[in-house]
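>>> structure, please.
(4 chains)
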2 protein chains.
Amino acid sequence: MPKIGMEPVRRKALVDAALKAIGDHGSLDVTMQEIAKSAGVSPALAFHYFGSKDQLLLATMRSLLRQLKEEAVAAIRQAETPRGKVSALIAVSFGAEQFAASTVAAWLAFYVEAQRSDETRRLLTVYARRLHSNLVAALSPLCGRVEAHHIAEGAAALIDGLYIRRALDAARLDVSGAVALVEDYVTLKLNAVTR
Amino acid sequence: MPKIGMEPVRRKALVDAALKAIGDHGSLDVTMQEIAKSAGVSPALAFHYFGSKDQLLLATMRSLLRQLKEEAVAAIRQAETPRGKVSALIAVSFGAEQFAASTVAAWLAFYVEAQRSDETRRLLTVYARRLHSNLVAALSPLCGRVEAHHIAEGAAALIDGLYIRRALDAARLDVSGAVALVEDYVTLKLNAVTR
DNA sequence: TTTTATTGATTGATGAATCAATCAAAATTA
DNA sequence: TAATTTTGATTGATTCATCAATCAATAAAA
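Reported below is the predicted structural model:
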């Protein structure tokens, strides 16, 4: 059975399985047994490649963040106007994959983990800062740097809040409604300034 | 030592100890041992009165929700104008006790638990609905029922989002800033409608 | 043969839950 | 009032299950 060059394959399979398990459970309370089984390997192999459960969970989180980052970069690049870039960032946050119930549940679980794990907190902070600075960069040409910071703060809070409500509610909140709410906020704020 | 009528005293001590432990840890990953010790009793007594860890945690959550509810009722009663009621509701959400880092961490932990426990989800849903209907009741005289729902939706999401950001950041977000942000949102929306 | 991939078996720790036993106040009876 | 019974309060010790982590052993490539 053992073929050479399996490491990257196994790593990816384990990370994907971990994400799925976390999403299913809605928490980080998942066993290595369950993850490994879902990835089609023994628990011992998961330890072989990741060293500990914590490390596997961190790798899982990094994978989630990397994906989000790539989508954001692509979206910004495609947009042509500053206002378009803002919309692109909002759209990415509520992208089908990101806003799936299980993904949202995983995010929430990581936020809790951040209370305990420095590295988890660091990663989440980096993400929050990047979203903020992306928003500010797109907003600044429209309303100046100071106001851009304010609007970015509000928009980011709105996005996070809609995530939490999604995790709780499941059904009642849909993607388009969430996008519309944040877009409306940004538009309103921009109008208030430029008037 | 055993005096009669200890039950309510112990129950309260255990619930308070549980809340403290959850706040300290930033998650529900607390042992009955730790809770009982902090309450000054043996773990066995905690089981005697609550039956299971889950039940103790649920009781803890109910206590938190009851407190929030009472504060909200009092705040609404004191306010005289509809706009004042809205502000009162916002102020309660960011009250010193509610917005304390450890309380926020506890809330977050309960949101995660809601993914697993039906009763936890039910309690959180009740809370969310009450906040929403309180906001709608106060907003309706100002802008009509339909728009009131929209604004309430946005304000509630903002509040939740600021909570999450508080849990992550700890330092950088202060109470007055959070209140100002939500107030600004409500004012802006109301102006946009009545204009 | 050396390296890489892989696992079954095992260990050690942790923690929820149970239970039999104790202790003292309250209630009852003599 | 004194003796006795009952009951609530309380815990130490124990059970049972779960799970992260380790390790020695095996099998296939290079």
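
>>> okay, and A:Glu34 sits in which element?
helix A:32-39 (DSSP states H and E).

>>> would you list every one of the helices in chain A?
Taking DSSP state H as the criterion, chain A contains helices spanning A:7-25, A:32-39, A:43-50, A:53-78, A:82-93, A:101-113, A:118-143, A:145-169, A:175-194.

>>> nearest to B:Leu19, out of these?
Across the helices of chain A, the minimum distance to B:Leu19, taken as C-beta to C-beta, is reached by helix A:101-113, at 15.8 Å. Backbone N, C-alpha and C define where each C-beta goes, glycine included.

>>> please see if the closest one touches chain B.
Yes. Between helix A:101-113 and chain B, judged by C-beta under 8 Å from any C-beta of the partner chain, the touching residues are A:105, A:108-109, A:111-113.

>>> average pLDDT across stretch A:90-107?
Per-residue pLDDT values over stretch A:90-107 give a mean of 93.

>>> how about residues contacting it?
Contacts made with stretch A:90-107 from outside it, assessed by C-beta atoms under 8 Å, 6 or more residues apart in numbering or on different chains, are listed as A:19-20, A:22-27, A:64, A:67-68, A:71-72, A:75, A:131, A:155, A:159, A:162-163, A:166-167, A:170, A:175, A:178-179, A:182-183, A:186, B:112, B:115.

>>> list the buried residues in it.
Within stretch A:90-107, the residues that qualify as buried by neighbour count (16 or more other C-beta atoms under 10 Å in any protein chain shown) are A:90-95, A:98-99, A:102-107.

>>> from the residues you listed, which single one is nearest DNA strand C?
Sorting these by how near they are to DNA strand C, with C-beta to the nearest atom of the strand, puts A:Ala105 at the top with 22.0 Å.

>>> in space, what's closest to that closest one - neighbours in sequence excluded?
A:Gly26 (4.1 Å; C-beta to C-beta, 6 or more residues apart in numbering or on different chains).

>>> am I right that the one you found is in contact with B:Val112?
Yes. A:Gly26 is in contact with B:Val112 according to C-beta atoms under 8 Å; the separation is 6.6 Å.

>>> neighbour count winner among these two?
B:Val112 (25 against 22; other C-beta atoms under 10 Å in any protein chain shown).

>>> residues in contact with that one?
A:26-27, A:105, A:108-109, A:112, B:27-28.

>>> now with 6 Å, please.
The neighbourhood of B:Val112, defined by C-beta atoms under 6 Å, 6 or more residues apart in numbering or on different chains, consists of A:27, A:108-109, A:112.

>>> do A:Leu188 as well
B:Leu188.

>>> again, but for A:Ala152
Each residue near A:Ala152 by C-beta under 6 Å, 6+ apart is listed here: A:132, A:135-136.

>>> what sits closest to it if chain neighbours are left out?
A:Leu135 (3.8 Å).

>>> that older thread, out of the contacts of stretch A:90-107, which end up buried?
A:19-20, A:22-23, A:25-27, A:64, A:68, A:71-72, A:75, A:131, A:155, A:159, A:162-163, A:166-167, A:175, A:178-179, A:182-183, A:186, B:112, B:115.

>>> and DNA strand D, which of those contact it?
Contacts with DNA strand D within the buried ones among the contacts of stretch A:90-107, as defined by C-beta under 7 Å from any atom of the strand: none are present.

>>> close to DNA strand D, is stretch A:117-125?
No. For a cut-off given as C-beta under 7 Å from any atom of the strand, stretch A:117-125 has no contacts with DNA strand D; the smallest distance is 12.4 Å.

>>> per-residue pLDDT, A:Pro2?
Taken from the predicted model, the pLDDT recorded for A:Pro2 is 57.

>>> ok, now the one 4 residues further on?
The pLDDT attached to A:Met6 in the predicted structure is 86.

>>> could I get the phi/psi values of it?
Comment: the main-chain dihedrals of A:Met6 come out as phi -80, psi -20, following degrees, to the nearest 10.

>>> quick one: it and chain B, what's the gap?
If you measure A:Met6 against chain B using C-beta to the nearest C-beta, to the nearest Å, the figure is 33 Å.

>>> give the contact list for that residue.
The contact partners of A:Met6, by C-beta under 6 Å, 6+ apart, come to none.
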